[in-house]
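> Dropping a prediction and its sequence here:
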Amino acid sequence: MNKKLRWYDHFAINAYWLGQSFISGVTTPILLPYLILFFAPEAEKNTYLSIVRVIGLAVAILVQPLAGFLSDRSTSKWGRRRPFIFIGALLNSLCVILMAASPLFGSLKDAAPQLMLGVTIGFVVLIIATILSQFVANIAQGALQALIPDLIPEDQRGFSSGTKSVF
(Lines give C-alpha, C1' and ligand atoms only; values in the text may rest on other atoms or scores of the structure.)
Protein backbone atom coordinates (compact mmCIF):
# COMPACT_ATOMS: atom_id res chain seq x y z
CA MET A 1 0.00 0.00 0.00
CA ASN A 2 1.86 3.06 -1.24
CA LYS A 3 -1.13 5.35 -1.51
CA LYS A 4 -0.58 8.81 -0.02
CA LEU A 5 -3.11 9.16 2.78
CA ARG A 6 -4.78 12.50 3.41
CA TRP A 7 -4.50 14.19 6.82
CA TYR A 8 -8.06 13.26 7.74
CA ASP A 9 -7.33 9.59 7.01
CA HIS A 10 -4.74 9.70 9.78
CA PHE A 11 -7.28 11.39 12.07
CA ALA A 12 -9.92 8.75 11.28
CA ILE A 13 -7.54 5.86 11.93
CA ASN A 14 -6.52 7.36 15.29
CA ALA A 15 -9.85 8.84 16.42
CA TYR A 16 -10.50 6.10 18.97
CA TRP A 17 -7.44 7.26 20.92
CA LEU A 18 -9.16 10.57 21.64
CA GLY A 19 -12.08 8.76 23.24
CA GLN A 20 -9.79 6.39 25.09
CA SER A 21 -7.67 9.27 26.37
CA PHE A 22 -10.79 11.10 27.51
CA ILE A 23 -12.16 8.07 29.38
CA SER A 24 -8.87 7.28 31.10
CA GLY A 25 -8.22 10.99 31.75
CA VAL A 26 -11.55 11.29 33.54
CA THR A 27 -11.79 7.88 35.18
CA THR A 28 -8.41 7.64 36.88
CA PRO A 29 -7.82 11.13 38.31
CA ILE A 30 -11.43 12.27 38.81
CA LEU A 31 -14.13 9.59 38.79
CA LEU A 32 -12.48 6.85 40.86
CA PRO A 33 -11.23 9.16 43.65
CA TYR A 34 -14.67 10.77 43.81
CA LEU A 35 -16.45 7.41 43.97
CA ILE A 36 -14.10 6.06 46.62
CA LEU A 37 -15.40 8.77 48.97
CA PHE A 38 -18.76 6.96 48.95
CA PHE A 39 -17.24 3.70 50.11
CA ALA A 40 -14.19 4.38 52.26
CA PRO A 41 -13.83 5.89 55.69
CA GLU A 42 -11.81 9.12 55.45
CA ALA A 43 -8.69 7.56 56.96
CA GLU A 44 -8.74 4.66 54.46
CA LYS A 45 -9.68 6.35 51.19
CA ASN A 46 -6.19 6.04 49.68
CA THR A 47 -6.06 2.34 50.54
CA TYR A 48 -9.41 1.75 48.87
CA LEU A 49 -8.34 3.71 45.80
CA SER A 50 -5.09 1.77 45.52
CA ILE A 51 -7.00 -1.53 45.73
CA VAL A 52 -9.21 -0.53 42.81
CA ARG A 53 -6.31 0.83 40.74
CA VAL A 54 -3.90 -2.07 41.31
CA ILE A 55 -6.50 -4.69 40.44
CA GLY A 56 -7.47 -2.77 37.30
CA LEU A 57 -3.87 -2.32 36.19
CA ALA A 58 -3.08 -5.99 36.77
CA VAL A 59 -5.93 -6.89 34.43
CA ALA A 60 -4.64 -4.44 31.82
CA ILE A 61 -1.14 -5.89 31.95
CA LEU A 62 -2.49 -9.35 31.21
CA VAL A 63 -5.24 -8.60 28.71
CA GLN A 64 -3.70 -6.17 26.20
CA PRO A 65 -0.91 -8.45 24.93
CA LEU A 66 -3.33 -11.36 24.71
CA ALA A 67 -5.87 -9.28 22.79
CA GLY A 68 -3.16 -8.12 20.39
CA PHE A 69 -2.07 -11.71 19.87
CA LEU A 70 -5.64 -12.82 19.18
CA SER A 71 -6.38 -9.90 16.84
CA ASP A 72 -3.21 -10.69 14.86
CA ARG A 73 -4.63 -14.15 14.18
CA SER A 74 -8.28 -13.20 13.73
CA THR A 75 -10.02 -14.33 10.56
CA SER A 76 -13.26 -12.43 11.10
CA LYS A 77 -15.17 -11.35 8.01
CA TRP A 78 -15.17 -7.79 9.49
CA GLY A 79 -11.38 -7.71 9.56
CA ARG A 80 -8.73 -8.64 12.09
CA ARG A 81 -9.03 -5.55 14.29
CA ARG A 82 -12.57 -4.18 13.94
CA PRO A 83 -14.45 -6.72 16.09
CA PHE A 84 -12.01 -6.23 18.98
CA ILE A 85 -12.19 -2.45 18.74
CA PHE A 86 -15.98 -2.31 18.41
CA ILE A 87 -16.73 -4.74 21.21
CA GLY A 88 -14.12 -3.15 23.47
CA ALA A 89 -15.44 0.37 22.91
CA LEU A 90 -19.09 -0.58 23.36
CA LEU A 91 -18.56 -2.61 26.51
CA ASN A 92 -16.17 -0.07 28.01
CA SER A 93 -18.85 2.60 27.71
CA LEU A 94 -21.24 0.37 29.66
CA CYS A 95 -18.59 -0.33 32.30
CA VAL A 96 -17.96 3.37 32.88
CA ILE A 97 -21.70 3.90 33.34
CA LEU A 98 -21.74 1.02 35.85
CA MET A 99 -18.79 2.59 37.70
CA ALA A 100 -20.62 5.89 37.96
CA ALA A 101 -23.75 4.10 39.19
CA SER A 102 -21.94 2.02 41.83
CA PRO A 103 -23.00 4.25 44.78
CA LEU A 104 -26.60 3.34 43.95
CA PHE A 105 -25.85 -0.21 45.08
CA GLY A 106 -25.04 0.96 48.60
CA SER A 107 -22.45 3.22 50.17
CA LEU A 108 -21.28 4.31 53.59
CA LYS A 109 -23.14 7.60 53.09
CA ASP A 110 -26.52 5.86 53.09
CA ALA A 111 -25.57 3.37 55.85
CA ALA A 112 -25.71 0.41 53.48
CA PRO A 113 -25.07 -2.98 55.01
CA GLN A 114 -21.48 -4.12 54.77
CA LEU A 115 -20.36 -7.47 53.49
CA MET A 116 -18.12 -9.89 55.33
CA LEU A 117 -14.93 -7.97 54.48
CA GLY A 118 -16.32 -4.66 55.74
CA VAL A 119 -17.12 -3.22 52.32
CA THR A 120 -20.47 -2.33 50.80
CA ILE A 121 -22.02 -3.98 47.76
CA GLY A 122 -21.48 -0.69 45.93
CA PHE A 123 -17.72 -0.95 46.44
CA VAL A 124 -17.76 -4.51 45.11
CA VAL A 125 -19.71 -3.26 42.07
CA LEU A 126 -17.09 -0.52 41.59
CA ILE A 127 -14.27 -3.07 41.68
CA ILE A 128 -16.06 -5.39 39.25
CA ALA A 129 -16.89 -2.51 36.89
CA THR A 130 -13.27 -1.35 37.00
CA ILE A 131 -11.98 -4.84 36.26
CA LEU A 132 -14.41 -5.26 33.38
CA SER A 133 -13.59 -1.79 32.07
CA GLN A 134 -9.87 -2.54 32.06
CA PHE A 135 -10.54 -5.91 30.46
CA VAL A 136 -12.64 -4.63 27.56
CA ALA A 137 -10.69 -1.38 27.07
CA ASN A 138 -7.50 -3.39 26.70
CA ILE A 139 -9.14 -5.77 24.26
CA ALA A 140 -9.73 -2.73 22.04
CA GLN A 141 -6.28 -1.27 22.72
CA GLY A 142 -4.53 -4.54 21.92
CA ALA A 143 -6.05 -4.44 18.45
CA LEU A 144 -5.60 -0.68 18.09
CA GLN A 145 -1.86 -0.85 18.67
CA ALA A 146 -1.51 -2.59 15.30
CA LEU A 147 -3.59 -0.22 13.18
CA ILE A 148 -0.73 2.06 12.18
CA PRO A 149 1.58 -0.77 11.06
CA ASP A 150 -1.36 -2.47 9.30
CA LEU A 151 -2.83 0.53 7.48
CA ILE A 152 -0.23 3.26 7.11
CA PRO A 153 2.55 3.19 4.52
CA GLU A 154 5.95 3.20 6.16
CA ASP A 155 6.88 6.68 4.97
CA GLN A 156 3.70 8.15 6.58
CA ARG A 157 3.82 6.39 9.95
CA GLY A 158 5.55 9.29 11.69
CA PHE A 159 2.66 11.64 10.96
CA SER A 160 0.12 9.04 11.97
CA SER A 161 1.97 8.24 15.20
CA GLY A 162 2.12 11.93 15.98
CA THR A 163 -1.62 12.19 15.41
CA LYS A 164 -2.15 9.25 17.76
CA SER A 165 -0.04 10.97 20.40
CA VAL A 166 -2.00 14.20 20.09
CA PHE A 167 -5.23 12.29 20.62
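Sure thing, it's come through. Numbers count the residues shown, from 1 in each chain.
> Scan the chain for its longest helix.
helix 45-72 (DSSP state H).
> Any buried residues in that helix, and which?
Neighbour counts over helix 45-72 (16 or more other Cβ atoms under 10 Å) mark 48-49, 51-53, 56, 59-60, 63-64, 67-68, 71 as buried. Glycine gets a C-beta too; all of them are placed from N, C-alpha and C.
> Turn these into CSV, including pLDDT.
What follows is these, written out as CSV (pLDDT from 0 to 100):
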residue, pLDDT
48, 90
49, 93
51, 91
52, 91
53, 92
56, 89
59, 94
60, 92
63, 96
64, 94
67, 94
68, 93
71, 94
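> Specify which member of the residues you listed is nearest to residue 157.
Distances from those to residue 157 were compared by Cβ to Cβ; the smallest belongs to residue 68, at 17.5 Å.
> Spatially nearest residue to residue 40 (excluding sequence neighbours)?
Using Cβ to Cβ, 6 or more residues apart in numbering and skipping residues adjacent in sequence, the residue nearest residue 40 is residue 48, 3.8 Å away.
> what sits against residue 77?
Taking Cβ atoms under 8 Å, 6 or more residues apart in numbering as the definition of contact, residue 77 has no neighbours.
> what's the pLDDT at it?
Per-residue confidence at residue 77 stands at 92 (pLDDT).
> Check for me that it belongs to a helix.
No: counting by DSSP: H, G, I helix; E, B strand; the rest coil, residue 77 falls outside a helix, being coil.
> re the thing from before, so which other helices or strands are in contact with the longest helix of the chain?
Of the remaining helices and strands, those touching helix 45-72 by 3 or more Cβ pairs under 8 Å, 6 or more residues apart in numbering; DSSP states H and E are helix 32-39, helix 82-101, helix 121-144.
> out of those, nearest to residue 14?
The closest approach between residue 14 and any of the helices and strands packed on helix 45-72, judged by Cβ to Cβ, belongs to helix 121-144 at 8.7 Å.
> so which of the helices and strands packed on helix 45-72 gets nearest residue 19?
helix 82-101 (7.2 Å).
> what mean pLDDT does the closest one have?
Rounded to a whole number, the mean pLDDT of helix 82-101 is 95.
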